[in-house]
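[1] This is a predicted model, with the sequence first.
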Protein chains: 2
Amino acid sequence: MQIAKLSDSISLQRSVEQANVDHVTTVREVIDQVRINGDKALFNYTEKWDGAKLTCLRVTEEEVEEAFASFDSQLIKDLEEAAANIRAFHLQQVRQNIDFPLAKSSYIQYKITPLDAVGLYVPGGTAAYPSSVLMNAIPAIVAGVKRVVIVSPPSKEGKLPASVLVAAKIAGITEIYKVGGAQAIAALAYGTESIRAVDKITGPGNSYVALAKREVFGKVAIDMIAGPSEIAIIADETAFADEVASDLLAQAEHDRFASAVLVTTSVRLAKEVADEVETQLKQLPREEIARGSIENFGRIYIAESLGQAVEAVNELAPEHLEIMTEQPEVISEQIKHAGAIFVGRFSSEPVGDYFAGTNHVLPTNSTARFSSGLCVDDFIKKTSVVYYSEEMWQEQYPKIARLARLEQLEGHARSVESRSWKKGDSN
Amino acid sequence: MQIAKLSDSISLQRSVEQANVDHVTTVREVIDQVRINGDKALFNYTEKWDGAKLTCLRVTEEEVEEAFASFDSQLIKDLEEAAANIRAFHLQQVRQNIDFPLAKSSYIQYKITPLDAVGLYVPGGTAAYPSSVLMNAIPAIVAGVKRVVIVSPPSKEGKLPASVLVAAKIAGITEIYKVGGAQAIAALAYGTESIRAVDKITGPGNSYVALAKREVFGKVAIDMIAGPSEIAIIADETAFADEVASDLLAQAEHDRFASAVLVTTSVRLAKEVADEVETQLKQLPREEIARGSIENFGRIYIAESLGQAVEAVNELAPEHLEIMTEQPEVISEQIKHAGAIFVGRFSSEPVGDYFAGTNHVLPTNSTARFSSGLCVDDFIKKTSVVYYSEEMWQEQYPKIARLARLEQLEGHARSVESRSWKKGDSN
């Protein structure tokens, strides 16, 4: 793993492939077909791309119960505890309406309303993570969304992974469809005979899914389109090299574009971590992926001071930040830009990935400068309500009319003035 | 104005022009030039497109003071009062950090942090609305954004409109640049010698500005790209036709794609409003624009009941909704989807456009189903902070490791387990 002196800043810039033009054409065609032919198109694409010949898209209650009954009971308990933790923390994010009284019995209200319906995409194969089901579904349910739907591509045998069905049941989702790819996104956005349209689509997916989400954006809301995952670690001479190395590798094993960066004030630690990474890499099942990530996007930077390290990390705005220093809370308070911060050596990133209760869907590629992880706010919207009484209107309308005329919007001025044409009416 | 029976739903679908491919090419070239040549490119484009030969992009303090001194003092007082109202209401939206204690001295914190820097685009000419300056700037300032910058295209004489400078001063903005179009967006996103880059760009603009915002999205955050403005009005037989008509026309005068829809249970009112619209149209300075809007996108629907009207409006999710019925608050409580609601006949839309304190930047084109008006939330982000004590880690790590292995992420499991390799250390 390369060691360098920390100069002004660190960059996460990774040359991730740009959208392939052929893919765009394919995705648009799929969306059109689903809009025109509905379920028929979904069945066709599922047979063509997933190799599954289905007669019904919806997962039955029996399928869910079967998955649950055959699943490891200890893992069910673990998932239930994780779900309870996620629910408890996200409940803290729930917001109340604001009632703001104005003069003369007038008021403004700020109404919080959940979305009506949300669709959650769950990738197939080894990327079908039950933790992602919990992380996407629970904030929506806590927000009060009445209808939360899962779509996921089936295996050749027409099945969804048991772990996904179990996580869905634990989260409280009963509407699950065996359909993936761009066709699933099109169905969620426009609706078919089997699948009613939703208002927002969240969840990770391959490049076709990401492209399809971009295409339907505007018709429905989408979550951020996540880039490869990343971690930055700030450590001083009190940190342990084996722990730091294992945390860098936990990030690197995700995919070859993942980025793992250590910023340390200790030259000794830097060298020990570089050695440890090599040692641990050899024992890692996903060695090849992790090695690719570490070689291309893994870096150890030597900082002159913790202050300089903090500055560079604030510039970087990493998705995940671990702090393993003598006083990690002091450093944490100085961090302005990061998706999630893990404080001290007993809070390694997987604590948040799976269990503590915070969300693991986080802003990548330095976008933590201006965006946040998935949360209850993503599933509600706010409506302002204005009530002016007659007395309030009487007092204020000349000002409003003057401001409208300043902008040469005479119709606006007349709208507030038109009330003066009558007297004594009220409601 | 056309009158129709309300059947299942109303649609706002307007065939607004799609992005012109030539425009896309131009905008990309402009962005590249600004990235390569910085200020030089800004000066060149400003001369080419705005006809202004500048030597300095930044508005001086003297220019602002001059604008302020020569401005109508009553209008200054009106703008100051509007700004105070907007500030007061947006202050209600400010959120506090969440401290969530866990077992064994562990905790989660949810940290609210303002963005570092925000750029506000203000269009030139007659679309340079001082009210938009207040509506975009104040939420950012209330959120705690330290650096709020305005960019706006200058006149041929190299000046910005006095009303914009006055509104900027009232909002508390001192960093203002004479540059507009795609070049201004590029400068805000990538920075030049004169203009440091920002983290988010908000504010309306023409199609070049909108395209440029799409292009730089990801490098910086952007606000929604607003469609044409729209109003829906629910009225019963207690409403006054002249008032309803004037409110429909206040919307229609914005532009020919604006949409104004009345849903009423009263056939009499429907007819009277149609007549009134025609009468008032003839007296409106912007008659031509308003007539185009009313003819193409103005509709009066007769509903069988207020319940049916509410249902149709919830389906429509209009940007603005006025309620002029006998019990407007009862109706208001039934509305789930709208950008802003105006309750009763003394609360016509301009009350909120200019003065009450709510924001007038609102979701258009039915996107109020899943999005909200501009607010303090748009200028902050949330970071989760996780602290697990040694005791908490000791108790929980086996569960976390099991969940990681369920997802075949061995490196994640080892990351939490690696802490067990030592004993008695802590921080």
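    Okay, I see it.

[2] In the helix or strand containing residue A:276, which residues are buried?
    Here residue A:276, judged by DSSP states H and E, is contained in helix A:267-282. Along helix A:267-282, these residues count as buried under the neighbour rule (16 or more other C-beta atoms under 10 Å in any protein chain shown): A:269-270, A:272-274, A:276-277, A:280-281. C-beta here means a position set from N, CA and C on the backbone, and glycine is covered the same way.

[3] Please report how far residue A:367 lies from residue B:222.
    Residue A:367 sits 12 Å away from residue B:222, taking C-beta to C-beta, to the nearest Å as the criterion.

[4] Domains in chain A, by residue range?
    A:21-222, A:227-370, A:388-421 (automatic domain parsing).

[5] among those domains, which is nearest residue B:372?
    Of all these, it is domain A:21-222 that lies closest to residue B:372, at 9.4 Å by C-beta to C-beta.

[6] is the closest one up against chain B anywhere?
    Yes: under the criterion of C-beta under 8 Å from any C-beta of the partner chain, domain A:21-222 makes contact with chain B via A:74-75, A:78-79, A:81-82, A:88-89, A:92-93, A:98, A:100, A:102, A:108, A:110-111, A:113, A:115-116, A:126, A:129-131, A:163, A:199-200, A:218, A:220-221.

[7] Among those residues, name the buried ones.
    Members of the residues of domain A:21-222 next to chain B classed as buried by 16+ other C-beta under 10 Å are A:75, A:78-79, A:82, A:89, A:93, A:100, A:102, A:108, A:110-111, A:113, A:115-116, A:129-131, A:163, A:199-200, A:220-221.

[8] Please enumerate the strands of the stretch 201-350 of chain A.
    With DSSP state E, counting those that start in this stretch as the criterion, the stretch 201-350 of chain A has strands at A:221-222, A:230-235, A:259-264, A:298-302, A:320-324, A:340-343.

[9] Count the neighbours of the nearest residue to residue A:205 once chain neighbours are set aside for me.
    Leaving aside its sequence neighbours, residue A:205 sits nearest to residue A:121 (C-beta to C-beta, 6 or more residues apart in numbering or on different chains; 5.0 Å). Each residue near residue A:121 was counted by other C-beta atoms under 10 Å in any protein chain shown, and the total is 29.

[10] Just give me the neighbour total for the closest residue to residue A:248 other than its chain neighbours.
    By the measure of C-beta to C-beta, 6+ apart, the closest residue to residue A:248 outside its immediate chain neighbours is residue A:260, 4.0 Å from it. The number of residues packed near residue A:260 is 30, by other C-beta under 10 Å.

[11] Then residue A:405?
    Residue A:405: 14 surrounding residues under other C-beta under 10 Å.

[12] distance of it from residue B:250?
    12 Å.

[13] swap in residue A:164?
    From residue A:164 to residue B:250 the distance is 51 Å (C-beta to C-beta).

[14] of those two, who's got more company?
    Ranked by neighbour count (other C-beta under 10 Å), residue A:164 and residue B:250 place residue B:250 first, with 30 against 22.

[15] Can you list phi and psi of the nearest residue to the more buried one once chain neighbours are set aside for me?
    Take residue B:250 and drop its neighbours on the chain: the residue closest to it by C-beta to C-beta, 6+ apart is residue A:415, 3.9 Å away. According to degrees, to the nearest 10, the main-chain angles of residue A:415 amount to phi -60, psi -50.

[16] can you check residue A:178 too?
    Per-residue torsions, residue A:178: phi -90, psi 80 (degrees, to the nearest 10).

[17] residues contacting the most centrally placed residue in chain A?
    In chain A, the centroid-proximal residue (C-alpha atoms, centre = their mean) is residue A:361; its distance is 3.6 Å. Contact criterion C-beta atoms under 8 Å, 6 or more residues apart in numbering or on different chains gives A:132, A:135-136, A:202, A:223, A:226, A:373-374 as the residues in contact with residue A:361.

[18] one step back: next one: the residue nearest to residue A:248 from residue A:295, what distance?
    Using C-beta to C-beta, one obtains 11 Å as the distance from residue A:260 to residue A:295.

[19] In chain A, where is pLDDT below threshold?
    Where chain A drops to pLDDT under 70, the residues are A:8, A:12-19, A:421-427.

[20] redo that, cut-off 80
    Along chain A, the parts satisfying pLDDT under 80 run over A:8-21, A:126-127, A:225-226, A:420-427.
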